[in-house]
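Visitor: how would this look folded up:
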Amino acid sequence: MGTPRRRPGPRRKLEDTARREIAEETGFVLDVIGRKLWTRESRFTYRGRKHYRLDHVYLARTNHDAPQVALRHTANERAGLIECRWWSAAAVSTCRDKLLPAELPDLLQALLNDRFPAAPLTLTTRNRSA
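Guide: This next block holds a predicted model:
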């Protein structure tokens, strides 16, 4: 699952940043971003440096089945990208790989079963090393 990773500019809305990041990382151009599902705060060490992240995850839908624009991954994203593909809900629920957030299978199932809370969730992960 890819999530927008850049901070919005001083006058940009988070939804605008999400739309831009989705286009850059998936090639899909979205006119509308749905409601915020959760925020995920994490503190971790990567390549010997401590990092703090706050991800904002939104619901988005598209009728397209192929990217509309060329992907524009950064060098750092390309270095960490192993594979890019679509996942079915069943594949997510049976995945044995590390998922972020770890609760992703349950969150996705709640969303698909229309049991997802109306207010955005707050998820927290601390002290990971990579």
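Visitor: which secondary structure element of this protein has the lowest mean pLDDT?
Guide: Within the chain, confidence by mean pLDDT, DSSP states H and E is lowest for strand 121-129 among all helices and strands, at a mean of 73.
Visitor: now do the nearest residue to S42 once chain neighbours are set aside against P117, distance only.
Guide: Counting by C-beta to C-beta, 6 or more residues apart in numbering, T125 is the residue found nearest to S42 once chain neighbours are left out, at 4.2 Å. Just so you know, the C-beta spots here come from the backbone N, C-alpha and C atoms, and that holds for glycine as well. Between T125 and P117 the computed distance is 19 Å (C-beta to C-beta, to the nearest Å).
Visitor: E25 belongs to a strand?
Guide: No - using DSSP: H, G, I helix; E, B strand; the rest coil, the assignment for E25 is helix, not a strand.
Visitor: confidence score at it?
Guide: If you check E25, the pLDDT there is 85.
Visitor: does it touch R78 like I think?
Guide: No - contact criterion C-beta atoms under 8 Å: E25 and R78 do not qualify, at 11.1 Å.
Visitor: of the two, who's got more company?
Guide: Neighbour totals were compared for E25 and R78, and E25 leads with 20 against 9 (other C-beta atoms under 10 Å).
Visitor: can you name the helix or strand that the residue lying closest to L123 once chain neighbours are set aside falls in?
Guide: Sequence neighbours aside, R40 is the residue nearest to L123 in space, at 4.3 Å (criterion: C-beta to C-beta, 6+ apart). For R40, the host element (DSSP states H and E) is strand 36-46.
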